[in-house]
Each structure stands twice: as C-alpha cells, then as structure tokens.
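Undergrad: Only the shape, not the letters, is given here:
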C-alpha cells in the first residue's frame, strides 16, 4: 500500500484549517486517513504549525511520500532533517548523540528566526497602528477646525441679517424727524396769521364808529 503525507482541509469558508495526515494514496483528499500527525493554520502570520515529529519521521522511514506542501511543512519543522540524520545513524556515519545535538542546534536556530520574524511583524504592526492613529488625529483636528469656521461664518451671517433688518427702522425715524421739521414752519405761519387778524380787528371797529358818527 502506497502512503502519502498530505493535507486534509477543515475550517470555514475563506478560513481554511488543515490536518497533516498519513493516508492511503488511493483515498480521497478529505476521506479516511491512517494517522493524524499534525495541523497547519495559514490564517496567522507566520503560519501556525503543530507537528508530531516522531510520527512524521516514522512514516518517512516506512516509505511515505509527502506532497509538495506537506514536504515544505515537514522541512520547516525539522522532520526531513531528522529523517536524514537517522539514515546517517543507520549507516554508522553518526552517533545518536551527534544526531540529537545537530537536530537541537537546528531547531534552536529555526526558533530564533521565527521569533525574529514575529518581533519584526509586531514592530511593523505597531508602527502602522501609530501611523493610522496620527492620521486619525489629523482628520479629527481638521474636522474640528472646519466646524469652528462654519460656526463663525454662521454667526457673522446672522449679525449681517440683523443689521439689514435694523436699517429700515432707522430710516423711518429719520423720515419722521424730517416731517416734523417740515411741518413746524407751517404752524408758525398759521400763528402769525392769527396775530395779524387780531391786530386788524380794532382798526375795523374804529372805522365803523367813525362812519356812524
């Protein structure tokens, strides 16, 4: 029976989550499997991989052939290196202690690279967040400035309207004053006419008396 180490898809639509399985090469991709040896989550950065190293190496020893993606995962977690080192032990080129030391050193270096990548991503995310916050603050400041300007313009417009409304009333008062000024001479003329009539009245009475005499 030919065995393949491959991925079996799980998870939601648009957010896949994979199992790393050893399965019969004739079975369907998401069908029955012989053993689940790990998981692979590509939705995180970097991707999250959980692998049973000993089980993966045992299947490799038994002739299981990994697919391209599964091979990349096994290489990333050191399964292919351990498989290679175990071959050197069988041939007598290495002792178990030497193989274990090489594998431990490789795993430690790999972990350092992964941690460095995570730190770089964290710093990049922090910088992007700070930049976005600064841009948001600038937008808020501009919005407040525009609102204050709009309010000042509205107050200025209201003041202009009030001045326009008060102007006719002032003109009416000026017209009334002018009318009063124009009417004053007429009243004085009337008063003078009354005085003149009063002065002429005694002269008329004297003329009447002389006529009677």
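TA: Nice, thanks for sending it over. Just so it is clear, the structure is predicted and the values come from calculations on it, not from any experiment. Residues are numbered from 1 along each chain as shown.
Undergrad: how about low-confidence regions in this structure?
TA: 165-213 (pLDDT under 70).
Undergrad: how about the strands in it?
TA: Along the chain, counting by DSSP state E, strands occupy 3-12, 15-24, 35-41, 48-51, 65-66.
Undergrad: what about these, which gets the closest to residue 59?
TA: Closest approach to residue 59 among the strands of the chain is made by strand 15-24 (4.7 Å; Cβ to Cβ). The way it works is simple: take the backbone N, C-alpha and C, and place the C-beta from them, glycine included.
Undergrad: Can you check what angle separates the closest one from strand 3-12?
TA: 160 degrees (axes from the mean of the first three to the mean of the last three Cα atoms, to 10 degrees).
Undergrad: What number of residues are in the vicinity of residue 91?
TA: 8 (other Cβ atoms under 10 Å).
Undergrad: can you redo the strands of the chain as TSV with distance to residue 99?
TA: Formatted as TSV, the strands of the chain follow (distance: least, Cβ to Cβ, whole Å):
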stretch	distance to residue 99
strand 3-12	21
strand 15-24	23
strand 35-41	21
strand 48-51	18
strand 65-66	21
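Undergrad: Tell me which of those lies nearest to residue 163.
TA: So among those, strand 15-24 is nearest, using Cβ to Cβ, at 65.8 Å.
Undergrad: who does that closest one touch, helix- and strand-wise?
TA: Judged by 3 or more Cβ pairs under 8 Å, 6 or more residues apart in numbering; DSSP states H and E, the packing partners of strand 15-24 are strand 3-12, strand 35-41, helix 53-61.
Undergrad: Any chance of these in a markdown table with mean neighbour count and distance to residue 151 as columns?
TA: Formatted as a markdown table, the helices and strands packed on strand 15-24 follow (neighbours: other Cβ atoms under 10 Å; distance: least, Cβ to Cβ, whole Å):
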| stretch | mean neighbour count | distance to residue 151 |
| --- | --- | --- |
| strand 3-12 | 17 | 49 |
| strand 35-41 | 19 | 53 |
| helix 53-61 | 19 | 68 |
